[in-house]
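> My questions concern the predicted model and sequence given below.
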Amino acid sequence: MDREHHLYLLLGSNIDAEHNLASALALLGERMDIDAVSSVWQSDAVGSDGPAYLNIALATRTIDDPASMKERLFRPIEAKLGRIRTEDKNADRTIDIDVIVLDGEVIDPQLWKRAHIAVPMAELGLIITADPYGSLDLRARSLQMRTNITRRDDLFVLLGGKIMDTPKERLDYGAAAPDAVSAFIKLEGY
């Protein structure tokens, strides 16, 4: 009997992003069960001056071998949607499909360092922790306070989703509890 695997994926695009995210979701949905989709989040490009990215996170499950999924499923979908790989890891792209968490294990450590990954993942209710960051939810809130990242409900509805029950704007912790934020920043620096 085949074992069911639980994956958390991040999809990102900054070229015809609305179309490519919707197409990637549809193509993935043909091959695997999609249990949840985060809101669409817009953030600045990392490592380049390119246009802003749109990102969504997916909670999925499959009985396929996860080790072969990148080459057998994700790369062909990326190619079908016009993804061109170059030596520049930060080049603009039509679609990027990355496994972030597999069966509860963090595959991409950038989860703890990049808001465009952490915020959509935390929105799915993924419960994981890592030293020195604490819970994913806490880390996502911290990164969101320091990063230009915006939830795009208008685009999520266009993709056929339902609005997640999360606030559009987070509490301004710096204004509400400046001493706590200062302590947290000192702890993070330590």
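Thanks, I have the structure now.

> Could you list which residues are in contact with Pro120?
Taking C-beta atoms under 8 Å, 6 or more residues apart in numbering, we find Pro120 in contact with Leu10, Ser38, Ser39, Trp41, Asn55, Ile56, Ala57. The C-beta positions use only the backbone N, C-alpha and C, and glycine is treated the same way.

> from these, which two are the most distant?
For those, the maximum inter-member distance is 13.0 Å, found between Leu10 and Ser39 (C-beta to C-beta).

> sorry, back to before: just among the contacts of Pro120, which is most surrounded?
Neighbour tally across these (other C-beta atoms under 10 Å): the maximum, 28 neighbours, falls on Asn55.

> List the residues that contact Ser38.
Counted by C-beta under 8 Å, 6+ apart, Ser38 has contacts Ile56, Ala57, Leu58, Pro120, Met121, Glu123, Leu124, Met164.

> now Ile149
Contacts of Ile149 by C-beta under 8 Å, 6+ apart are Trp41, Gln42, Ser43, Ala115, His116, Val119, Leu143.

> ok, for it, nearest residue in space, not its chain neighbours?
In this structure, Ile149 finds its nearest non-sequential neighbour in Ser43, 4.3 Å apart by C-beta to C-beta, 6 or more residues apart in numbering.

> Okay, helices next: where are they in this structure?
17-31, 66-69, 75-80, 115-123, 136-146, 153-158, 173-176, 178-189 (DSSP state H).
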